[in-house]
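**Student:** For reference, the sequence and a predicted model appear below.
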Amino acid sequence: MLNISGINEGYVLDHIQAGMSLQIYHDLKLDTLEDCMVAMITNAKSNKMGRKDIIKVECPIDAIDLDILGYLDHNITVNIIKDDRIVEKRALALPKEIKNVIRCKNPRCITSIEQELDQIFILTDEEREIYRCKYCEERYRGHHRRRAASRR
């Protein structure tokens, strides 16, 4: 049995699709957090999923943007840890708006010209998980639905 010590304050991200933890590590910019410890467990056995990844992050609670995580994969379970105990289990949802996570690919969009503008996408179809640029309404076709695509 693999044993990774507990954490005093931070997160345990559970039920990550097997093989996706490194991508999530980079998308959450965990490599840029100073004085934070990160442990990744890949390809762990799971009754629910067959195989899964887990990420443990010891950091201040406000250091991670859970909206980004909800966009990347809203099936991930977030366990919030304080004083060595799970104080909350948070289910994620698709965020209504995401900011500076994805970029508009429309060359005529104002964000292509005004580089300092925030890249803002609005969830326009929750059932089909479609996001559109706030400025030009360009539909985003991105990577965040790899899990759903892999099931088909």
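**Tutor:** Nice, thanks for sending it over. Residues are numbered from 1 along each chain as shown.

**Student:** Please, where are all the strands along this structure?
**Tutor:** According to DSSP state E, the chain carries its strands in the segments 9-17, 37-46, 50-58, 77-82, 85-91, 97-99, 120-125, 130-133, 139-140.

**Student:** Mean neighbour count, those: which tops it?
**Tutor:** Burial among those, expressed as mean neighbours by mean count of other CB atoms under 10 Å, is greatest for strand 9-17, which shows a mean of 21. No exception for glycine: its C-beta is placed from N, CA and C like everyone else's.

**Student:** sorry, back to before: got JSON lines for the strands of the chain, with mean pLDDT and distance to D27 too?
**Tutor:** Converted to JSON lines, the strands of the chain look like this (pLDDT from 0 to 100; distance: least, CB to CB, whole Å):
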{"stretch": "strand 9-17", "mean pLDDT": "92", "distance to D27": "12"}
{"stretch": "strand 37-46", "mean pLDDT": "92", "distance to D27": "13"}
{"stretch": "strand 50-58", "mean pLDDT": "94", "distance to D27": "11"}
{"stretch": "strand 77-82", "mean pLDDT": "92", "distance to D27": "15"}
{"stretch": "strand 85-91", "mean pLDDT": "90", "distance to D27": "18"}
{"stretch": "strand 97-99", "mean pLDDT": "91", "distance to D27": "11"}
{"stretch": "strand 120-125", "mean pLDDT": "95", "distance to D27": "15"}
{"stretch": "strand 130-133", "mean pLDDT": "95", "distance to D27": "15"}
{"stretch": "strand 139-140", "mean pLDDT": "92", "distance to D27": "15"}
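
**Student:** want to throw the ones you listed into CSV with distance to Q23?
**Tutor:** Shown next, in CSV, are the strands of the chain (distance: least, CB to CB, whole Å):
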stretch, distance to Q23
strand 9-17, 9
strand 37-46, 11
strand 50-58, 10
strand 77-82, 17
strand 85-91, 20
strand 97-99, 16
strand 120-125, 19
strand 130-133, 18
strand 139-140, 17
